[in-house]
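1. 3D model of this:
(one chain, ligands or ions: 1)
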Amino acid sequence: MINIQGLSQYYGKKIVLNDVHLGVEEKERCALVGRNGSGKSTLIHSMLGLLPVKKGSILLGGHCTRKTDKWKKEVAYLPEKFHLYPQLTANENLRFFAELQDSKPDDERVEQVLTQVRLEENRSDKIHTFSKGMLQRLGLALMLYYDAKLLILDEPTSGLDPIGRAEILSILQSLKDKTIFLSSHHMDEIQQVCTHVAYLNDGKITKYTVADFTKKMGEELAYAKNKKAI
Ligand SMILES: Nc1ncnc2c1ncn2[C@@H]1O[C@H](COP(=O)(O)OP(=O)(O)OP(=O)(O)O)[C@@H](O)[C@H]1O
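-> Numbers count the residues shown, from 1 in each chain. From the prediction side, this is the model:
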């Protein structure tokens, strides 16, 4: 579903991605992990065509993002920050954005996705009354409306309280027929939702199973603590 070959990106002389290779299979759930400034946003923006690819190739759903727009039907993206309209209800927001894409919003689909993110009882509430967690779930609903096969999410639980996080994670877990690629700094949520980790370090990506990555991180943390103690 994702096939990245020899991707390099740089800003001026600063090389951020250096000959990156990554494959993510259909229905896999892969976390993108890396320290602050390691290049996660650069990678995601390259995948979405927000940043021109300087070198290498990115295929999403089998379509090369540089050669055709066909991949856009396969992909839905939830950025860390997004804008919805506070004076509109949940239902009206979804219909508004759906109208921007389709000539007529599909009301049945709107109801389906509101139910999927557990906002069906809040469908007629103006969203300025929503908590941060509810707004994030509405963002997810908007993403699900298009029924794309590949979901790309940038830190989907950022800034949420534990209950808000748990709700988002449980919804993501329930999306069994999707391929999920999400950036995250939280091992517990990666363990809960993901099968694999793409670890971005020094401009390269190494892919692990979640179990192997958990072991590796445990060893690195123990080493860092020991070093501090000495
Ligand atoms: N437009 C830009 N011009 C110059 N340098 C940039 C630009 N965007 C990002 N960088 C640099 O590239 C590196 C990677 O940035 P990027 O935002 O991709 O990292 P990140 O892993 O997403 O970081 P974070 O976890 O903090 O969000 C950083 O050193 C950053 O300062």
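
2. drop to CA atoms for contacts and neighbour counts, all remaining ones
-> Fine.

3. Tell me which residues are up against the worst-scoring helix or strand of the chain on mean pLDDT.
-> Among the helical and strand segments of the chain, the one scoring lowest on mean pLDDT, DSSP states H and E is helix 210-229, with a mean of 84. Contacts with helix 210-229, where a contact means Cα atoms under 8 Å, 6 or more residues apart in numbering, come from 187, 190, 191, 194, 195, 196, 197.

4. Give the phi and psi angles for residue 63, as a check.
-> The main-chain torsion angles of residue 63 are listed as degrees, to the nearest 10 and equal phi -110, psi 130.

5. distance of it from residue 1?
-> Relative to residue 1, residue 63 is positioned 9 Å away (criterion: Cα to Cα, to the nearest Å).

6. Likewise for residue 187?
-> From residue 187 over to residue 1 the distance is 24 Å, taken as Cα to Cα.

7. for residue 49, same thing?
-> Distance check for residue 49 against residue 1: by Cα to Cα, it reads 16 Å.

8. And the two? Which one has more around it.
-> residue 1 (20 against 14; other Cα atoms under 10 Å).

9. which residues does that one contact?
-> By Cα under 8 Å, 6+ apart, the contact list for residue 1 reads 23, 24, 25, 26, 59, 60, 61, 62, 150, 179.

10. The nearest residue to residue 73 once chain neighbours are set aside: which element?
-> Taking Cα to Cα, 6 or more residues apart in numbering as the measure, residue 73 lies nearest to residue 148, with 6.4 Å between them; neighbours along the chain are not counted. Secondary structure from DSSP states H and E places residue 148 outside every helix and strand.

11. give the contact list for residue 148.
-> Taking Cα under 8 Å, 6+ apart as the contact definition, residue 148 lies against 73, 74, 75, 76, 178.
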